[in-house]
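>>> Need the 3D shape of this:
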Amino acid sequence: MTDARVPTITFLGKPGCHLCEEAEPVVREVAARHSAELSVLSILDDAALQQRFGELIPVVLIDGEQHSQWFVEAERLDAAVAAAAARR
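Here you go, the predicted model:
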């Protein structure tokens, strides 16, 4: 069961993407720090995601809202996740 008080973070990337490989550990660390729900998806597994995001990856969504693309800054993501949690 999902805890309604914690944000959901979605990380969109694909295998072989060097920016994704750099960003994913940052996203995992921030998600763990906030006990957020984390979903890691490859755009190659979903034609709609591939069409929508293509070369914009990695993309991070917080509660379904796009937070970042290409680069993930730990401090900015941390603040956004904390703010999302506070709104709940």
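>>> Walk me through which strands the helix or strand Val60 falls within pairs with, and which way each runs.
Per DSSP states H and E, Val60 falls inside strand 59-62. The pairing partners recorded for strand 59-62 under DSSP bridges are strand 8-13 (antiparallel), strand 65-69 (antiparallel).
>>> Same list, these, but as CSV with mean pLDDT please.
Converted to CSV, the strands paired with strand 59-62 look like this (pLDDT from 0 to 100):
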stretch, mean pLDDT
strand 8-13, 98
strand 65-69, 95
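>>> Using PDB, write down the CA coordinates of the strand holding Val60.
Presented in PDB, the C-alpha positions along strand 59-62 are these (Å, rounded to 0.1, in the frame of the first residue of the first chain):
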ATOM      1  CA  VAL A  59      13.500  12.900 -16.900                       C
ATOM      2  CA  VAL A  60      12.400  13.000 -13.300                       C
ATOM      3  CA  LEU A  61       8.700  13.400 -12.300                       C
ATOM      4  CA  ILE A  62       7.500  14.200  -8.800                       C
END
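>>> looking only at pLDDT, what's the mean for it?
The predicted model gives strand 59-62 an average pLDDT of 97.
>>> Also stretch 15-30?
On average, stretch 15-30 scores 97.
>>> could you dump it to PDB, C-alpha only?
C-alpha atoms of stretch 15-30 as PDB (Å, rounded to 0.1, in the frame of the first residue of the first chain):
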ATOM      1  CA  PRO A  15      20.000   1.600 -21.100                       C
ATOM      2  CA  GLY A  16      23.200   3.100 -22.500                       C
ATOM      3  CA  CYS A  17      22.300   6.700 -21.700                       C
ATOM      4  CA  HIS A  18      25.300   8.100 -19.900                       C
ATOM      5  CA  LEU A  19      23.300  11.000 -18.400                       C
ATOM      6  CA  CYS A  20      20.800   8.500 -17.000                       C
ATOM      7  CA  GLU A  21      23.700   6.400 -15.500                       C
ATOM      8  CA  GLU A  22      24.900   9.600 -13.700                       C
ATOM      9  CA  ALA A  23      21.500  10.800 -12.600                       C
ATOM     10  CA  GLU A  24      19.900   7.500 -11.400                       C
ATOM     11  CA  PRO A  25      22.000   7.100  -8.200                       C
ATOM     12  CA  VAL A  26      21.200  10.700  -7.300                       C
ATOM     13  CA  VAL A  27      17.500  10.100  -7.700                       C
ATOM     14  CA  ARG A  28      17.700   6.900  -5.700                       C
ATOM     15  CA  GLU A  29      19.600   8.600  -2.800                       C
ATOM     16  CA  VAL A  30      17.000  11.500  -2.600                       C
END
